[in-house]
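Q: Build the 3D model from these lines:
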Amino acid sequence: MRRLLCANAAEDVVSHRRRKIVAVLAYGGLWGVAISIATVVVASTVGYWVGSELSAQTIEKPVGRCTRDKVEYYVGKYGMWPVVITRLAPFLSNDAISFVGGLLRMGYFRNIVATLLGTFPLAVLIAFLGEDSERLKTGLWLLSGIGAAAFVLWLIYDQSRPRRGV
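A: Take a look at the predicted model:
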């Protein structure tokens, strides 16, 4: 069962990116970006609402306990920035962050602002790179690497800072 959920999550990540690419190719840059962002906002709203209405144990079933715990820790510690990074990085699941954001009562407006901050640059990049599939593939890998490196560097920096009141 766990393998099935992981495979489903991986397909979901691919599907989000595929939908953005198809929107850009089908409707052009401007409309493709608008449609991409609108669909992410709607999906994030639904995921947030589901997370806010269900229990932690119920959320664990589709996203897994480990994922839920990690997202809960990072959102609790860093606020909306893990949401921004998750939305920006093409290899991370968007659904888990929406579910757990709702579960933690992160605040709908904060969640949507973070979603837009992470989604807009990716959608614009896909629109810019989407005319050439090889350029798109290279660009998405590069963005993923930069996003992951930036997050790791931030974590290292954060861990090395002296703590107040400790």
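Q: any idea of the mean pLDDT for the host helix or strand of residue 138?
A: According to DSSP states H and E, residue 138 maps onto helix 133-160. Average pLDDT, helix 133-160: 79.
Q: tell me what that helix is packed against?
A: helix 81-88, helix 108-129 (3 or more C-beta pairs under 8 Å, 6 or more residues apart in numbering; DSSP states H and E). (C-beta placed from N, C-alpha, C; glycine too.)
Q: got the angle between the last one and helix 133-160?
A: Relative orientation of helix 108-129 and helix 133-160, computed by axes from the mean of the first three to the mean of the last three C-alpha atoms, to 10 degrees: 140 degrees.
Q: in helix 108-129, what's buried?
A: Neighbour-count burial for helix 108-129 flags 111-112, 114-120, 122-127, 129 (criterion: 16 or more other C-beta atoms under 10 Å).
Q: now that helix: how far from the chain's centre is it?
A: Computed by C-alpha atoms, centre = their mean, to the nearest Å, the chain-centroid distance of helix 108-129 equals 9 Å.
Q: what angle do that helix and helix 81-88 make?
A: 30 degrees.
Q: same for helix 108-129, what does it pack against?
A: Counting by 3+ C-beta pairs under 8 Å, 6+ apart, helix 108-129 packs on helix 2-53, helix 81-88, helix 94-103, helix 133-160.
Q: quick one, which of those helices is nearest to residue 74?
A: helix 81-88 (4.1 Å; C-beta to C-beta).
Q: Run the chain-centre distance for the closest one.
A: For helix 81-88, the distance to the chain centre is 5 Å (C-alpha atoms, centre = their mean).
Q: just stretch 99-117 next, same as before
A: Using C-alpha atoms, centre = their mean, the offset of stretch 99-117 from its chain centre is 11 Å.
Q: what do you get for stretch 145-158?
A: Worked out by C-alpha atoms, centre = their mean, stretch 145-158 lies 16 Å from the chain centre.
Q: Could you list the low-confidence segments of the protein?
A: 1-18, 56, 59-60, 63, 89-93, 163-166 (pLDDT under 70).
Q: how about a cut-off of 50?
A: With pLDDT under 50 as the threshold, the chain has low-confidence stretches at 1-14, 166.
Q: measure residue 72 to residue 51 for me?
A: 11 Å (C-beta to C-beta, to the nearest Å).
Q: returning to what we had before: how about the helix holding residue 138: buried residues?
A: For helix 133-160, by 16+ other C-beta under 10 Å, it's 136, 139, 140, 143, 147, 151.
Q: give the contact list for the nearest residue in space to the first one that is not next to it in sequence.
A: Yep, that's residue 136 we're talking about. Of all residues not flanking residue 136 in the chain, residue 129 sits nearest, at 4.3 Å (C-beta to C-beta, 6 or more residues apart in numbering). When contacts are counted by C-beta atoms under 8 Å, 6 or more residues apart in numbering, residue 129 touches 135, 136, 139, 140.
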